[in-house]
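# Predicted structure and sequence below. I'll ask about it afterward.
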Amino acid sequence: MQLMKQDLDLKKITAGAGGNAIKSSPGEKLFAAFNYAFFILMGMTTMLPFINLLAKSLSSEQAVVSGRVGLFPIGIQFETYYYVLQDSMFLTSLRTSVLLTVIGTALSLFMTTITAYPLSKTRLRGRKWLLLMFVFTMLFSGGLIPTYLLMQNLNLVNTLPVLFLPAMVNVFNMLIIKNYFEGLPESLEESAKLDGAGNIRILIHIILPLSLPVLATIALFFAVAFWNDYFAAMIYITNPELKPLQLYLKELIVSSGGEFLKNNVDAAINMTPQSIQASSILLATIPILLVYPFLQKYFVKGVLVGSVKG
Amino acid sequence: MAKKSTLLTLLLGVSLALSGCGGGAETPASPGADPAPQPSGTPSEPKEEAKPEIRMIMQYGLFDPAKEFTSKYITEKTGYPVQYEMLPAENADEKLNLLVANKENFDVMKLNAAQFYNLATSGALEPMDELLEAHGNHINQAIKPESWESATIDGKKYAIPETGSGVSIGEELIIRQDWLDELGLSVPTNADELYNVLKTIKEKKNVIPLTGSKDSIYGDIATTFGVLTDWKEVDGKLVHKAEQPEMKEFLGYMNKLYAEGLLDTEMPINTAQKAIEKFASGKAAAYKLAWWNAGSTIAALNESNPDAKVSVIPYLKGKDGKAVVGANANTTWFIAIPKASKHKEDAVKFLNAKLEPETFKGLAIGEEGVHHEVKDGKYYPILPKFNDDLNNASAFMTGVDEEKYPIYWQARVRKDPVLQNYFETFQKNAEGLVVVDPMSTAPPIDAVSRNTLKLRTLLDDNALKFITGSEPLESYDTFLAQWRAEGGEDMVKAANEWYQSAQ
Amino acid sequence: MKPEKDKPQAGTGKKAYMPTLARDIRKEWDLYLLLIPGILFILLFKYTPMYGIIIAFKDFNIFTGFADSPWVGWKHFEKLFTSPDFSRVFQNTVIISLLKIIILFPLPIVIALMLNEMKNMMFKRSVQTVIYLPHFLSWVIVSGLFIDLLSVNGGLVNKLLNSMGMESVAFFLDNSVFRSVLVTSAGWKETGWSTIVYLAAFSMIDPALYEAAKIDGASKWKQLWHITLPGIAPIIILMFILRLGNILEAGTEQILVMYNPVVYKVSDVIGTYVYRQGLGNQDYSFTTAVGLFEAVISFTLVVVGNSLSKKYLQRGIW
């Protein structure tokens, strides 16, 4: 049923948009049907775990412990959410995470973009060696101990910046942006140069507006990376006020696991119920999930290059 | 021109600012530039008036120490303001090493055995003998001489040992009594009877007869073969369980259960949570339950199967007709003062004040009438006040009154009648049967501390291979050779050297 | 003032390099200015701590420090290479990694292409939002899900197998199928997320090309082959070269959570082996030596991959 409805929608849109759309061949129709079926199936497999988590978070602890909760809650209750949302540790961590993600993403996107732009120019002297120097740091690292020492000497330990400063020039993301810049037609730049524009002006007024799709992608990568990172905080942060949400979540789960409880009877008596774990996981994931739909509008296919060039 | 000079200034500014930071990396941090906040009192002030702030490292717990009732109580009673910092739940050792190697000036550290040994032998901890002599009257009274042994290296005390709640038994087999009744079976008393019971359940009920988790391989069944804890005394010598001939018998028995489908075939991937799920949903008939999981397990079982009845299987008898239970009496935590501390004397005074009998009682179970009440000589918690204020109190302990704490502590078990029932049943069943691991009172020994965790993993991994039959039992000796080569031999030798000298 | 379009290094002799550089910087100072912050950042945060690599050649004790720990030459490398487990662990790493590359590298590209063909925007956007969800679940949770799904005690997959008259398979305990469990779960978790980078690349393709192709009567298949794929080829090449650099990282975090002693034979990789060796006594030197060994191989692969790509595809990172 649903499939047919989608198919109808499809026809409506192709007809409405182009007007002069070529009629689809039977092969293409078959492909479209397969396409829809495939994505409905794939979407279901990726969504079910979240529905299961939601059901667990709304079920009675007894039902969760005996593993009976599937897609629907059993013995419905909402106390878990009440419990998590009034937990001061959860709320402090949430604030830290939002702050870190917003500041970190903005600064990193800026730094990474301005680094990528010169490196996308083949006329740049020493470009090969500079790029090698950047790529080298993706594979070789001095390790945790000297890095910790450095942070300590910079007075960054137990501060918010330690969570984003070292990650600001991300080579992987920089290469993706650079790659995108390289694909933009050179004619754009040349005509601006003739008008006497400098490189920075060209970057801001011509290149960046054309690069919204890749900038949105990299912004998403940064935001998700900052949101999901717990390792840096685990190493550099002992102040509970500065612990991001993912570290809180990680510790909630680790401290309820067998390995941690083996030698700690008192922690075992106080173990966090599984229904509360489920609601914490959901509440810690939802904010970052909201970012993507917001950025999606920048992925619109091919509009920008075409319009400017034409 | 003007544009160029602006640019130059800008460039210079940026590079100066950044190289200024970078330059800091090469110069060692001077004590004056230490970032650590020290809000109250400088050490030079007269000591009795302004007590310096104590910086303490504690193990991970899911709470904010500064906001806890207990931390406020401690400061009120001892007069010391304390700044608590927690190790992370994961990678705690790594973080601790970083803190200590970078000479962060903590005053008190609560360490586990491996961490303590590692720091003590690296020369990072202060010997405490003289300080304890001078300021440790309550500490010396609270800790028994045999416990001090575990924190003594080359004749010097490097920590206050915290033994916690004392020797207690954690796990025992439980079985579905309603199914036993239905099939006319009685509770098994030895390994052979257990085999027959499991076999009948398999045939008649088509459920998993015995489930278990990968984290808890030994226990009730192993003891019937004489495999108790890590170490056992045989003819005056210490033998590790990996080298006990009985180990092979135990693994052979388990392999038989596994091969015939009497033991959960998914045991090597079961977490405790997963095994409990199978038992609580009625998919499995027997399980080795830890009493601290009893509350949620039994409640979940009763809800999913209202007719279910559960019996605790008394500890099974060995071939000689006698049952034994292995137990560890190891020191759980070590309270140490690092060399880098600037307030060593105050640290000991602080620790001493916490063990003053009345203060300690308040720390353990709060105030009578508010947090606990006394019924027929036993301490009972008053809920929810006890939970609200004292749930995390144990994490703040720095040494316990070894006489009284095991008694106080039981108030924690009495928070839930099911929990209490299982705890007490397990202890009663084990009465008179307990054999304490002979290495429990050993001081830290290099070859033992270094290898214990790695070799335990190696042994457990291979035990699971033998039980599941993915490795035939005939190759046990090949494994044993590997175990010995990777440090087992050194460990056994060092353990025996200590044992002979201690006799 | 048009910048000269010399091919890098081609026309410039070594002697003339510095003056030319100075001239270029004067001419395009703003381009070089943009580079400064990025370079300073990696110098400070990445290269300053790089001296830590020397502990691979020392017996490092964290309390003794870098300078005072004794030199031991290649000892830790010898320990790795002469370990009886090394060949098995190395083989597993490469096999699992190659499986993941061969199966999981093309998957997001195919899915991105399929999504690109989707005309219904609502549906397309919803699908995009949904298929990247698993990326946000930790491996502990994903592992739990797969254990439930593949369980022999009422797992969905085995129920299905049984209903088709087949025997149950203990996926997590069977050496012949466990690797496919690893690959499948990694694919399920990350494929949707990995499509995003390709979706952005589609926006670079000039729509005029499609219009022209339609007028010429080119089939969808031909458009895909001659316009879409070449359009996203640069990003595919970039991702592939970078993926090569990760070949010795077979997914330690995932495997550590999912494996068990019964399947060590096929799933114990370098990362998990080093983890177990380090239990209870942190051997920083050994860990660093293994890391250095991995980095050297990775770096070589990236450099070779890049030059091959430049030679045959006229495209590369540098």
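Okay, I see it. Residues are numbered from 1 along each chain as shown, chains lettered A, B, ... in the order given.

# quick one, what contacts B:Ser281?
With contact taken as C-beta atoms under 8 Å, 6 or more residues apart in numbering or on different chains, B:Ser281 is in contact with A:66-68, B:300-301, B:304. C-beta here means a position set from N, CA and C on the backbone, and glycine is covered the same way.

# between those residues, which is nearest A:Phe38?
A:Gly67 (30.8 Å; C-beta to C-beta).

# burial of the spatially closest residue to the closest one that is not a sequence neighbour, as a residue count?
Nearest non-adjacent residue to A:Gly67, counting by C-beta to C-beta, 6 or more residues apart in numbering or on different chains: B:Glu277, 3.8 Å away. If you count neighbours by other C-beta atoms under 10 Å in any protein chain shown, B:Glu277 ends up with 23.

# so B:Glu277 touches A:Val69, yeah?
No - counting by C-beta atoms under 8 Å, B:Glu277 does not reach A:Val69; the two are 10.6 Å apart.

# where does the residue most central in space within chain A fall, phi/psi-wise?
Compute the mean C-alpha point of chain A, and by C-alpha atoms, centre = their mean the closest residue is A:Val224, 2.5 Å away. Main-chain dihedrals, A:Val224, degrees, to the nearest 10: phi -70, psi -40.

# cool, B:Lys110 as well?
The phi/psi pair for B:Lys110 (degrees, to the nearest 10) is phi -100, psi 110.

# how much space between it and chain A?
B:Lys110 sits 12 Å away from chain A, going by C-beta to the nearest C-beta, to the nearest Å.

# Name whatever forms a beta bridge with that residue.
Taking DSSP bridges, one obtains B:Ile335 as the residues bridged to B:Lys110.

# burial measure for it, as a count.
25.

# quick one: it and B:Ile57, what's the gap?
7 Å (C-beta to C-beta, to the nearest Å).

# that older thread, identify the residue nearest the residue nearest to the centre of chain A in space, chain neighbours excluded?
A:Ile288 (6.1 Å).

# how about that neighbour, what does it touch?
A:101, A:223-224, A:227-228, C:136.

# I'd like these as CSV, with distance to C:Phe146 and secondary structure appended.
CSV is the format used below for the contacts of A:Ile288 (distance: C-beta to C-beta, whole Å; DSSP: H, G, I helix; E, B strand; the rest coil):
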residue, distance to C:Phe146, secondary structure
A:Thr101, 29, helix
A:Ala223, 28, helix
A:Val224, 23, helix
A:Trp227, 24, helix
A:Asn228, 20, helix
C:Phe136, 16, helix
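
# and the residues you listed, which are buried?
A:101, A:223-224, A:227-228, C:136 (16 or more other C-beta atoms under 10 Å in any protein chain shown).

# so which of those would you say is closest to chain B?
In terms of C-beta to the nearest C-beta, no member of these lies closer to chain B than A:Asn228, at 15.3 Å.

# pLDDT score assigned to the closest one?
On pLDDT, A:Asn228 comes in at 94.

# pretty sure C:Leu115 belongs to a strand, no?
No - secondary structure of C:Leu115 (DSSP: H, G, I helix; E, B strand; the rest coil): helix, not part of a strand.

# What strand or helix carries the nearest residue to it once chain neighbours are set aside?
Computed as C-beta to C-beta, 6+ apart, the closest residue to C:Leu115 that is not its neighbour in sequence is C:Lys124, at 6.1 Å. Here C:Lys124 sits within helix C:121-131, counting by DSSP states H and E.

# Pull the residues that contact that helix.
A:6, A:9, A:13, A:36, A:39, A:42-43, A:46-47, A:289, A:292-293, A:296, C:111, C:115, C:118, C:191-192, C:195-196, C:199.

# And for stretch B:321-332?
Contacts of stretch B:321-332 (C-beta under 8 Å, 6+ apart): A:263, B:112-113, B:147, B:150-151, B:161-164, B:166-169, B:223-224, B:226, B:228-229, B:314-318, B:430, B:433-437, B:440-441.

# and that stretch, which residues are buried?
Quick answer for stretch B:321-332 (16+ other C-beta under 10 Å): B:323-332.

# Redo the residues you listed as CSV? Include secondary structure.
Output for the buried residues of stretch B:321-332, formatted as CSV (three-state DSSP):
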residue, secondary structure
B:Ala323, coil
B:Val324, coil
B:Val325, strand
B:Gly326, strand
B:Ala327, strand
B:Asn328, coil
B:Ala329, coil
B:Asn330, coil
B:Thr331, coil
B:Thr332, coil
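
# Name the nearest of these relative to chain C.
Of all the buried residues of stretch B:321-332, chain C sits closest to B:Asn330, with 14.8 Å by C-beta to the nearest C-beta.

# before we move on, back to that, please, a ChimeraX command that selects the buried ones among the contacts of stretch B:321-332?
To isolate the buried members of those in ChimeraX, using 16+ other C-beta under 10 Å:
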select /A:263 /B:112,113,147,150,151,161,162,163,164,167,168,169,223,224,226,228,229,314,315,316,317,318,430,433,434,436,437,440,441
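
# List the buried residues of the strand or helix carrying C:Pro230.
According to DSSP H and E, C:Pro230 maps onto helix C:229-244. Under the neighbour-count criterion of 16+ other C-beta under 10 Å, helix C:229-244 has C:231-232, C:234-239, C:241-244 buried.

# Just say helix, strand or coil for residue 68.
All of this refers to chain A. Following three-state DSSP, A:Arg68 is assigned to coil.

# Roughly how far does the residue in the stretch 251-400 of chain B that chain C sits nearest to sit from B:Ile217?
Chain C sits closest to B:Pro268 of the stretch 251-400 of chain B, with a gap of 4.4 Å, by C-beta to the nearest C-beta. The gap separating B:Pro268 from B:Ile217 is 10 Å, by C-beta to C-beta.

# cool, A:Ser57 as well?
For A:Ser57 relative to B:Ile217 (C-beta to C-beta), the value is 33 Å.

# ok, now C:Glu211?
Distance from C:Glu211 to B:Ile217, by C-beta to C-beta: 68 Å.

# quick one, which of those two is more surrounded?
B:Ile217 (21 against 11).

# Work out for me the element the more buried one sits within.
Of the helices and strands defined by DSSP H and E, none includes B:Ile217.

# what's the pLDDT at it?
The model's pLDDT for B:Ile217 equals 93.

# ok, now which ones touch it?
Here B:Ile217 is in contact with B:460, B:463-464, B:467 (C-beta under 8 Å, 6+ apart).

# Please repeat the previous calculation with a cut-off of 7 Å.
Counting by C-beta atoms under 7 Å, 6 or more residues apart in numbering or on different chains, B:Ile217 touches B:460, B:463-464.

# For ChimeraX, write the selection for the buried entries among these.
Buried residues within these, by 16+ other C-beta under 10 Å, are selected in ChimeraX with:
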select /B:460,463,464
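
# and which of the contacts of B:Ile217 is nearest to chain A?
B:Asp460 (11.8 Å).

# Neighbour-wise, which one of the contacts of B:Ser281 leads?
Neighbour max across the contacts of B:Ser281 (other C-beta under 10 Å) = A:Ser66, 27 neighbours.

# which residue ranges form the strands in the stretch 251-400 of chain B?
With DSSP state E, counting those that start in this stretch, the ranges of strands along the stretch 251-400 of chain B come out as B:284-290, B:310-312, B:325-327, B:333-336, B:372-375, B:378-381.

# Return the most buried member of those.
strand B:333-336 (a mean of 26; mean count of other C-beta atoms under 10 Å in any protein chain shown).

# That one - what's its average pLDDT?
Mean predicted confidence for strand B:333-336 is 95.

# other SSEs contacting it?
Applying 3 or more C-beta pairs under 7 Å, 6 or more residues apart in numbering or on different chains; DSSP states H and E, one finds that strand B:333-336 makes contact with strand B:108-111, helix B:113-121, strand B:160-162.

# hmm, the shortest one touching chain A?
In other words, strand B:160-162. No - if you take C-beta under 7 Å from any C-beta of the partner chain as the test, strand B:160-162 misses chain A, and the best it gets is 11.6 Å.
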